[in-house]
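In: Got a sequence here, can you model it:
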Amino acid sequence: MSSFEEQGQAFWKWLENNGATLNSDIAIQDYRSEGAGRGVIATKDIKEGDLLFSLPRNILLSQLTSSLKDLEGVGEEFLELPGWSPLILSLMYESQKEDSFWKPYFDVLPRSFSTPMFWKEDDLKELKGTDIVSKIGKEDAEATYERDIKPIVEKYSNIFDKNVHNLDLYHMIGSLIMSYSFNDELQKKETEQKEEEENSDDEEEEEEEEEQVLISMVPMADLLNHKTGYNNARLFHEEDSLQMKAIKDIVKGEQIYNTYGDLCNADLLRKYGFVDEVNEFDIVELDGPLVVECCCPDADEDLVERKIDFLMEEGVFDECFVIDTEYEIPEELIIAVHVLLAPEDEFQKMEEKQKLPKPKLTQKVKNVIENILKKRLEQRYDISLEDDETELTKLGEFSNKRNALIVRIGEKKILKKTLEKLSSTPIVVEKRSTQTPLNHKGLSKKQKK
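Out: From the prediction side, this is the model:
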């Protein structure tokens, strides 16, 4: 028996010993040959609604369950850190602790990742033009490490080893959380609960509107892989447990999938390190600055800023406009183009009335949007769609370059098909301004005497 199998069995036993209920008709399966690591398989036919497994809440790993919170000094200080930092520190601590309660769990978690955060420069070049590049966030992550994590590690040298609990481990743990964690829908942070008690009625209402769930690591649930269109299980959050149930019949030998969400390939690759070659949820983003550039190449800067502010206040203009596999031009984009093209006097009326124009696809607006799509397609990528598709046929089954190509191809196809659909979309003819009626000689009644 390989260590891979031994670790899986030890993890299964750990779950059972700590109150988990595991369906005897499922098993942990090795899917490394498919580039997916571990997964869960049906060993017998499973009916819709069947319980696959149930996990007691004490088995979840978060800053509220980690033993780090019980240590003097650091236990109070690290919980005050913003964002993911308390959870990251908890996992950095528990993952290197030989007697950690969660050691059998950490033994089955990956130590390396295929997300772009860890790609070498040559592979990152393959992402040029895609919507991933600006979202990898490595610099921001390392700034958080320097600001939040490193000072705690150095301050509590009796708990942390700066040579072990370092930037590399931080990136690994951050990627684990990105790709394996769940939002615990029924458990809020204790600090938020205390704040709610102290707030006024109005502040309490605002807090409820912006209520945040606790991010937790959920052993076993995170072994289920994702494949677009194949979701057959769902995690249900109960007061005393988390329960994974079949949401459709599952045939013996089928892999059990839990969806990560309706994600485009760019997000699947950035967060989880894989793509689906066929993905109905693929999208393309048209950046706001590109839209402004195409609409206002020579316009007064102050006027352009006023227009952008107006559009943002009305909820129409954002960082980007999204086009999906329906290949439809968003109404918000049509409205934004109308406003950005409007002469100053016309725009001033919009401001005064606080009223947006209707999303009419006039010839002028259509021409501008075609130009936006063409620029997005031709200026961002160095290689044509046809060359990408040819290159894809030459690559092996799993590689960073292949994943990057699939993302590029998906974006380019959406842009090309959207252009094709737009070109055949009828325009709305603009009404001519009202003029003085003309007689048959071309003279107005006022001119005729």
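In: C-alpha from now on. contacts and neighbour counts both.
Out: OK.
In: Please spell out which residues along stretch 241-261 are buried.
Out: With burial defined by 16 or more other C-alpha atoms under 10 Å, the residues of stretch 241-261 counted as buried are 241-247, 250, 255-260.
In: The most centrally placed residue in the chain sits in which helix or strand?
Out: Centroid-nearest residue in the chain, with C-alpha atoms, centre = their mean: Asp267, separated by 4.9 Å. Per DSSP states H and E: Asp267 is located in helix 265-272.
In: Output that helix as PDB, nothing but the C-alphas.
Out: Extracted C-alpha coordinates of helix 265-272, given in PDB (Å, rounded to 0.1, in the frame of the first residue of the first chain):
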ATOM      1  CA  ASN A 265     -12.200  29.400 -16.600                       C
ATOM      2  CA  ALA A 266     -10.200  32.500 -15.700                       C
ATOM      3  CA  ASP A 267     -11.500  32.300 -12.100                       C
ATOM      4  CA  LEU A 268     -11.200  28.500 -12.000                       C
ATOM      5  CA  LEU A 269      -7.600  28.700 -13.000                       C
ATOM      6  CA  ARG A 270      -6.800  31.700 -10.700                       C
ATOM      7  CA  LYS A 271      -8.400  30.100  -7.600                       C
ATOM      8  CA  TYR A 272      -8.100  26.400  -8.100                       C
END
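In: Show me how far it is from its chain's centre.
Out: Centroid displacement of helix 265-272 relative to its chain, using C-alpha atoms, centre = their mean, to the nearest Å, is 7 Å.
In: returning to that earlier point: pLDDT and distance to Lys138 added to the buried residues of stretch 241-261, as TSV?
Out: Compiled in TSV, those are given as follows (pLDDT from 0 to 100; distance: C-alpha to C-alpha, whole Å):
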residue	pLDDT	distance to Lys138
Ser241	94	35
Leu242	96	32
Gln243	97	34
Met244	98	33
Lys245	98	36
Ala246	98	37
Ile247	97	37
Ile250	98	39
Gln255	97	33
Ile256	98	32
Tyr257	97	29
Asn258	95	28
Thr259	91	26
Tyr260	91	22
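In: Quick check: of those, which lies closest to Asp140?
Out: For those, the residue nearest Asp140 by C-alpha to C-alpha is Tyr260; the value is 23.9 Å.
In: isn't the closest one right up against His226?
Out: Yes. Counting by C-alpha atoms under 8 Å, His226 is a contact partner of Tyr260 at 6.1 Å.
In: In JSON lines, list the buried residues of stretch 241-261 along with distance to Phe113.
Out: Below are the buried residues of stretch 241-261 laid out as JSON lines (distance: C-alpha to C-alpha, whole Å):
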{"residue": "Ser241", "distance to Phe113": "29"}
{"residue": "Leu242", "distance to Phe113": "27"}
{"residue": "Gln243", "distance to Phe113": "27"}
{"residue": "Met244", "distance to Phe113": "25"}
{"residue": "Lys245", "distance to Phe113": "28"}
{"residue": "Ala246", "distance to Phe113": "28"}
{"residue": "Ile247", "distance to Phe113": "29"}
{"residue": "Ile250", "distance to Phe113": "29"}
{"residue": "Gln255", "distance to Phe113": "22"}
{"residue": "Ile256", "distance to Phe113": "22"}
{"residue": "Tyr257", "distance to Phe113": "20"}
{"residue": "Asn258", "distance to Phe113": "20"}
{"residue": "Thr259", "distance to Phe113": "19"}
{"residue": "Tyr260", "distance to Phe113": "17"}
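In: In the stretch 101-250 of the chain, where is pLDDT below threshold?
Out: Applying pLDDT under 70 to the stretch 101-250 of the chain flags residues 186-212.
In: Could I get the full set of helices for it?
Out: In the stretch 101-250 of the chain, the segments counted as helices under DSSP state H, counting those that start in this stretch are 103-106, 121-125, 138-144, 150-155, 167-180, 190-198, 201-209.
In: list the helices and strands the longest one packs on?
Out: Read that as helix 167-180. helix 85-95, helix 265-272 (3 or more C-alpha pairs under 8 Å, 6 or more residues apart in numbering; DSSP states H and E).
In: same question, the shortest one
Out: Helices and strands touching helix 103-106, by 3+ C-alpha pairs under 8 Å, 6+ apart, are helix 3-17, helix 85-95.
In: Which among the ones you listed is found nearest to Asp276?
Out: Nearest of the helices and strands packed on helix 103-106 to Asp276, taken as C-alpha to C-alpha: helix 3-17 at 25.9 Å.
In: how far is the closest one from where the chain is centred?
Out: Centroid separation for helix 3-17 versus its chain: 31 Å, with C-alpha atoms, centre = their mean.
In: let's have the chain start at 47 instead
Out: In the new numbering, first residue 47, that becomes helix 49-63.
In: pLDDT averaged over the helix or strand following that helix, what's the number?
Out: Later in the chain than helix 49-63, the nearest helix or strand by DSSP H and E is strand 67-68. For strand 67-68, the mean pLDDT works out to 98.
In: Which elements pack onto the helix or strand just after strand 67-68?
Out: Per DSSP H and E, the first helix or strand lying C-terminal to strand 67-68 is strand 72-76. Under the contact definition 3+ C-alpha pairs under 8 Å, 6+ apart, strand 72-76 sits against strand 84-88.
In: Strand partners (parallel or antiparallel) of the following helix or strand past the strand it packs on?
Out: Using DSSP H and E, the helix or strand that follows strand 84-88 towards the C-terminus is strand 97-102. Next to strand 97-102 in the sheet, as set by DSSP bridges, lie strand 67-68 (antiparallel), strand 287-292 (antiparallel).
In: now the ones you listed as JSON lines including distance to Val453?
Out: Output for those, formatted as JSON lines (distance: least, C-alpha to C-alpha, whole Å):
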{"stretch": "strand 67-68", "distance to Val453": "37"}
{"stretch": "strand 287-292", "distance to Val453": "30"}
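In: Indicate which one of these is closest to Glu122.
Out: Between Glu122 and those, the tightest spacing by C-alpha to C-alpha is seen for strand 287-292, at 26.9 Å.
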